[in-house]
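Participant: sequence-free structure coming up:
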Ligand SMILES: Cc1cc2nc3c(=O)[nH]c(=O)nc-3n(C[C@H](O)[C@H](O)[C@H](O)COP(=O)(O)OP(=O)(O)OC[C@H]3O[C@@H](n4cnc5c(N)ncnc54)[C@H](O)[C@@H]3O)c2cc1C
Ligand SMILES: Nc1ncnc2c1ncn2[C@@H]1O[C@H](COP(=O)(O)O)[C@@H](O)[C@H]1O
């Protein structure tokens, strides 16, 4: 079996997620070649052939060109699977490749099973075992699901392709402004999720944070709704934190939230849904309505 | 301008899920259904575009059993102009390639300038349909947008990357855009608009008109994952469990 791993080059480096793709290949016992759009002098720690398309020419975001580069290499290498991370880069590119390559796609793989690939569904409350029936397939891997494998040094070959104008023009990056709080330095974080119900109830969680001497954090919908500023968001598109104590109030535990806090030393979840996926990482799971429970807890901690 | 919004009806994710009797999906009975959250942002953005530009017709499309009409009606109440329901009691067993094929075949002769979809469905979460539809129709596509503006026949969008970074992208029409959380805040339908929505066009179509392909991925089984971490579960009266929790936190020396 042979895989074509599509790595990412970010902020001047080979992104760590690439080594998760390598680990996946090892798990399948498959031969692997890799592809990057990056500067041509990159040196991934990987024993194998790496095709590199010059980022100056192919550009960082230019999916049609990236797609055609992958297709061209796939033609030469004839892999069984093209593998990407399930990241903003990967989920954008994967279906484009799959369609032109006439292959199926399996998204967000978390495990390999003899017969196929395991993916989560329904906010990770359930799983499905899937199998491509096209022989070849495009696969994306959930970030963090496979422990990175790093070793060796790659032989680099340059790749190039002529693809006409994309109809898309990348005009620059925008960084969400950070205010005064640095959640990554906090020892205790108490986060509010959509389960708080409305903006006025943030106070309930904030008081608990104060009583514990911690910082207030938030899940994304709380930030999107304007209940708390973006600098307090924990997760893949916010901050990654690992405090001594993390208390999640009314947070279901979607993978993008877990990715930002699961390395915390001790995790307490307060949720009225006993099956909420946050239970996967919680050291203590309090099954309760947070509006009843949190004030009682705060009161006891304060006295 | 001619705009299509693809809307999927999904269960509330706070529901208790069990595996269906065929072992391939979740049991669909006794669940509360709603519009896929990401698709609500898609509907809202289309309606805002109409309010700003004026000459816009918004069609809402949903594939699924009869109950998905509720999702279409909701979108009509939010301001979409007409609905299309492609009837399929087995939509849940179709793979993203087939769902995309159905959408592309529906859309191919209708000259849509913009197709909005969600970035993913809350239940299946494959995140494939929008980009696949774009490939099938030869349209431009930008995924995971958190900002949208239409000007001079082009769209300026913000595409979300990891860690609070966004890429600004300008795309020419026709374009498929997949909508992400945070794109907008969805309005509540007003009672008069709910009444009006009942009189808006909602056409039904047979699946066979649009589906001409087999699946590329098969489901072998659906299952409940094993709980990885056997954390302590506290249940009962607030007063008691608060004491217990404080005891544990002290014992573990985290406070
Ligand atoms: C590309 C991408 C990136 C993302 N990035 C992030 C990110 O960085 N951070 C992030 O957080 N999310 C992110 N998300 C969103 C993520 O998928 C979830 O939608 C989000 O985390 C859900 O937030 P939540 O748990 O607060 O809300 P919900 O999922 O709606 O959960 C609310 C929870 O509160 C519970 N609840 C309700 N009422 C009460 C009550 N009275 N008492 C106790 N419990 C109650 C419910 O049982 C439920 O479990 C991202 C999504 C995508 C697609
Ligand atoms: N059955 C359906 N009917 C209409 N639109 C759908 C359907 N399934 C998926 N979509 C659209 O495709 C998007 C991505 O879905 P998915 O690829 O399943 O994650 C959704 O947010 C919807 O906009």
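Facilitator: It's in. The shown structure was predicted, so the numbers you read here are calculated from the model rather than taken from an experiment. Ligands and ions are numbered 1, 2, ... in the order given.
Participant: touching ligand 2 at all, stretch B:63-74?
Facilitator: Yes: judged by CB under 6 Å from any ligand atom, stretch B:63-74 comes into contact with ligand 2 at B:63, B:64. C-betas here are computed from N, CA, C, even on glycine.
Participant: Which positions within that stretch qualify as buried?
Facilitator: Neighbour-count burial for stretch B:63-74, counted by 16 or more other CB atoms under 10 Å in any protein chain shown, picks out B:63, B:64, B:68, B:69, B:71, B:72, B:73, B:74.
Participant: Same question for stretch A:100-116.
Facilitator: Applying 16+ other CB under 10 Å to stretch A:100-116 flags A:101, A:103, A:104, A:105, A:106, A:107, A:108, A:109, A:110, A:111, A:116 as buried.
Participant: Out of the residues you listed, flag the one nearest to ligand 1.
Facilitator: residue A:108 (10.6 Å; CB to the nearest ligand atom).
Participant: re earlier: now the buried residues of stretch A:100-116 in CSV, with distance to ligand 1?
Facilitator: Converted to CSV, these look like this (distance: CB to the nearest ligand atom, whole Å):
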residue, distance to ligand 1
A:101, 24
A:103, 24
A:104, 22
A:105, 17
A:106, 18
A:107, 12
A:108, 11
A:109, 17
A:110, 15
A:111, 20
A:116, 24
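Participant: how about the strands in the stretch 201-303 of chain A?
Facilitator: In the stretch 201-303 of chain A, the strands defined using DSSP state E, counting those that start in this stretch lie at A:215-218, A:245-249, A:266-271, A:284-287.
Participant: Burial-wise, tell me which of those strands comes out on top.
Facilitator: Highest mean neighbour count among the strands of the stretch 201-303 of chain A (mean count of other CB atoms under 10 Å in any protein chain shown): strand A:245-249, with a mean of 29.
Participant: strand partners of that one, parallel vs antiparallel please.
Facilitator: Partners of strand A:245-249 in the sheet, by DSSP bridges, are strand A:188-192 (parallel), strand A:266-271 (parallel).
Participant: And the longest one, how far out from the chain middle?
Facilitator: So that's strand A:266-271. In terms of CA atoms, centre = their mean, to the nearest Å, the centre of strand A:266-271 is set 21 Å apart from its chain centre.
Participant: what's in contact with that strand?
Facilitator: Strand A:266-271 has contacts (CB atoms under 8 Å, 6 or more residues apart in numbering or on different chains) with A:195, A:244-253, A:261, A:276, A:278-279, A:281-288, A:290, A:293-294, B:231, B:245, B:249, B:252, B:254.
Participant: Ok, the shortest one next?
Facilitator: Contacts to strand A:188-192, defined as CB under 8 Å, 6+ apart, come from residues A:183, A:201-202, A:205-206, A:208-209, A:212-219, A:222, A:227-228, A:234, A:241, A:243-251, A:261, A:264, B:254-255.
Participant: Check which residues of it are buried.
Facilitator: The neighbour-count check on strand A:188-192 (16+ other CB under 10 Å) flags A:188, A:189, A:190, A:191, A:192 as buried.
Participant: Per-residue pLDDT of the fourth one, please?
Facilitator: Per-residue confidence (pLDDT) for residue A:191: 98.
Participant: Ok, the one 10 residues further on next?
Facilitator: Confidence at residue A:201, expressed as pLDDT, is 98.
Participant: Could you do residue B:54 as well?
Facilitator: Reading off the confidence values, residue B:54 has pLDDT 93.
Participant: what's the answer for the one 10 residues further on, then?
Facilitator: pLDDT recorded at residue B:64 is 98.
Participant: and it, what is it in contact with?
Facilitator: Counting by CB under 8 Å, 6+ apart, residue B:64 touches B:8, B:9, B:85, B:86, B:87, B:88, B:91, B:92.
Participant: beta partners of residue 155?
Facilitator: I went with chain A, as the question did not name one. residue A:49.
Participant: You answered for a different chain; I wanted chain B.
Facilitator: residue B:150, residue B:171.
Participant: What of residue A:4?
Facilitator: Residues in a beta bridge with residue A:4, per DSSP bridges, are residue A:33, residue A:82.
Participant: Then residue A:248?
Facilitator: Going by DSSP bridges, residue A:248 forms beta bridges with residue A:191, residue A:269.
Participant: before we move on, the earlier item: dump the strands paired with strand A:245-249 into a markdown table; add distance to residue A:50 as well.
Facilitator: Output for those, formatted as a markdown table (distance: least, CB to CB, whole Å):
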| stretch | distance to residue A:50 |
| --- | --- |
| strand A:188-192 | 39 |
| strand A:266-271 | 38 |
